[in-house]
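Engineer: Please work out how this folds:
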Amino acid sequence: MNISVVCFTKSGYELMKKLKDNNELKFKYYCKCRSLKSELEQEKENIELENSELQKQLSVEYVDEKISDWAKKEFESHHGILFIGAVGIAVRAIAGCVNDKLTDSPVIVMDDLGRFVIPILSGHFGGANEIAKDLSDLIGATPVITTATDIHSTFAVDVFAKNNNMKVVNREGIAKISSGMLEGKELSVYVSKEEMIDKKTIENIKPDLVLKCKKYALGIGCKRGKSEKEIEEFIIGKLLEIGVSINDVAYISSIDVKADEVGIIDFAEKNGIQFITFSKDVLRGIEGEFSESNFVNSQVGVGNVCERAALAVWDYDAELVLKKQAENGITLAVSTGWNKIRF
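Structural biologist: Below is the predicted model of the structure:
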């Protein structure tokens, strides 16, 4: 996940430099400190003159607009946000963006001395708690985790659903399960593998929470530099043709040389879908009849990426429901299958 980092003071800017020096996470850097504006603009000019791609990735962009407008754009792109500053600044900035605990961007706050890291939104489903822990390890800070299931070390059903690519059907059940676990109650969770959930079964069982497995995977290949918009238009069009909702897609997959393909990464993040890549050796080992391309084989070492990648994500019962489709330098295959439940 891309994490957009924004600071508001000189000390926050110095702390941001430490993150740049230890860039194990995918950061994008921003600053809303007026006294640093001219320095950042000069730095940006120098980087453009050097024409260094690495330096461009590590550059800090000054935020001219209102911080709430900036935050809104980050939410729309489904980027995680790290505020280096006061919690109050963060709360005011994201107030108009908060909508749904199952889709909101993860938001974390770090004080500008780097002592504490606090996840304040989407701790479980968005992954803010884990990001806060990773950041704390990175700079030697203390993570401040406040979610009850974490501090009491009990089962978090929303984390379970996320880790197993399941949709929450009755979201009110999350709070019921969480509070019930803390009180030691006997609870029930119904997991459906079907497209349509049997209402009679639900009425008879009366589960506290209903989860639905996401059963589709998208195998993607593309020419370098394809935009998120191009990829989205192609994929959504093909999914409509076969009657599959993007909300039922568990994985997007490709070959490992596409691990940094911005268009695919942005599309996956925008839709909250896990992006997985495989080596050419793993893809070669996938059994089946595929539409092979000598040109693709000469470029990446395997003759078909999208179909093999679409199947590679599943533990069992994998099959293609849409074979290789190609258009404007993008290829797509859609598979269905199942994975083992992971606790």
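
Engineer: next structured bit after the helix or strand of the chain with the lowest mean pLDDT?
Structural biologist: Taking mean pLDDT, DSSP states H and E as the measure, helix 53-58 is the helix or strand of the chain with the lowest mean score, a mean of 58. Note on helix 53-58: by DSSP states H and E, the next helix or strand toward the C-terminus is strand 60-62.

Engineer: which residues touch that following strand?
Structural biologist: 13, 16, 28-32, 36-37, 40-41, 43-44 (C-beta atoms under 8 Å, 6 or more residues apart in numbering). Just so you know, the C-beta spots here come from the backbone N, C-alpha and C atoms, and that holds for glycine as well.

Engineer: Partner strands of it, with direction?
Structural biologist: Here strand 60-62 has these sheet partners by DSSP bridges: strand 26-31 (parallel).

Engineer: residues of the partner strand that come out buried?
Structural biologist: 27, 28, 29, 30, 31 (16 or more other C-beta atoms under 10 Å).

Engineer: Ok, stretch 5-17 next?
Structural biologist: Here stretch 5-17 shows 5, 6, 7, 8, 9, 11, 12, 13, 15, 16 as buried, counting by 16+ other C-beta under 10 Å.

Engineer: Report the distance from that stretch to the chain centre.
Structural biologist: 24 Å (C-alpha atoms, centre = their mean, to the nearest Å).

Engineer: Distance-wise, check residue 318 relative to residue 310.
Structural biologist: Separation of residue 318 from residue 310 (C-beta to C-beta, to the nearest Å): 8 Å.

Engineer: Comparing these two, which shows the higher neighbour count?
Structural biologist: residue 310 (32 against 19; other C-beta atoms under 10 Å).

Engineer: Quick check: phi and psi at the nearest residue to residue 217 once chain neighbours are set aside.
Structural biologist: Once flanking residues are discounted, residue 217 sits nearest to residue 251: 4.2 Å by C-beta to C-beta, 6 or more residues apart in numbering. Dihedral pair for residue 251: phi -140, psi 150, per degrees, to the nearest 10.

Engineer: List the beta-bridge partners for residue 251.
Structural biologist: Bridge pairing for residue 251 - DSSP bridges - gives residue 217, residue 274.

Engineer: Can you report how many residues lie near it?
Structural biologist: For residue 251, the count of nearby residues is 23 (other C-beta under 10 Å).

Engineer: Equivalent analysis for residue 189, please.
Structural biologist: 16.

Engineer: Can you give me the distance of it to residue 177?
Structural biologist: 7 Å.

Engineer: Find the residues that touch each one of these two.
Structural biologist: 157, 208, 209.

Engineer: Could you tell me which of those belong to helices?
Structural biologist: Secondary structure from DSSP state H places residue 157 of these in helices.

Engineer: Narrow the shared contacts of residue 189 and residue 177 to those that are buried.
Structural biologist: 157, 208, 209.

Engineer: Do you know the pLDDT at residue 265?
Structural biologist: Residue 265 is assigned 94 on the pLDDT scale.

Engineer: Also residue 204?
Structural biologist: So, for residue 204, pLDDT stands at 87.

Engineer: Please name every helix or strand in contact with the one helix or strand it maps to.
Structural biologist: Element membership for residue 204 (DSSP H and E) is helix 199-205. In terms of contact count using 3 or more C-beta pairs under 8 Å, 6 or more residues apart in numbering; DSSP states H and E, helix 199-205 is assigned the packing partners strand 189-192.

Engineer: Give the buried residues for the strand it packs on.
Structural biologist: By 16+ other C-beta under 10 Å, the buried positions in strand 189-192 come out as 189, 190, 192.

Engineer: Ok, stretch 304-318 next?
Structural biologist: Buried-residue list, stretch 304-318, by 16+ other C-beta under 10 Å: 304, 305, 306, 307, 308, 309, 310, 311, 312, 313, 314, 318.

Engineer: buried stuff in the longest strand anywhere in the chain?
Structural biologist: Criterion DSSP state E: the longest strand present in the chain is strand 316-327. Of all the residues in strand 316-327, those buried under the rule 16+ other C-beta under 10 Å are 318, 320, 321, 322, 323, 324, 325.

Engineer: Could you do stretch 217-234 as well?
Structural biologist: Quick answer for stretch 217-234 (16+ other C-beta under 10 Å): 217, 218, 219, 220, 221, 222, 226, 228, 230, 231, 232, 234.

Engineer: The fourth one against residue 254, yeah?
Structural biologist: The reference is to residue 220. Yes - in this structure, residue 220 is within contact of residue 254 by C-beta atoms under 8 Å, at 5.0 Å.

Engineer: which residues are common contacts for these two?
Structural biologist: In contact with both residue 220 and residue 254: 264, 305, 306, 309, using C-beta under 8 Å, 6+ apart.

Engineer: Go through those and flag which are in helices.
Structural biologist: Among the shared contacts of residue 220 and residue 254, DSSP H puts 264, 306, 309 in helices.

Engineer: other SSEs contacting the helix or strand encompassing residue 238?
Structural biologist: For residue 238, the host element (DSSP H and E) is helix 228-242. The contact analysis (3+ C-beta pairs under 8 Å, 6+ apart) places helix 228-242 against strand 216-222, helix 262-270, strand 316-327, strand 330-338.
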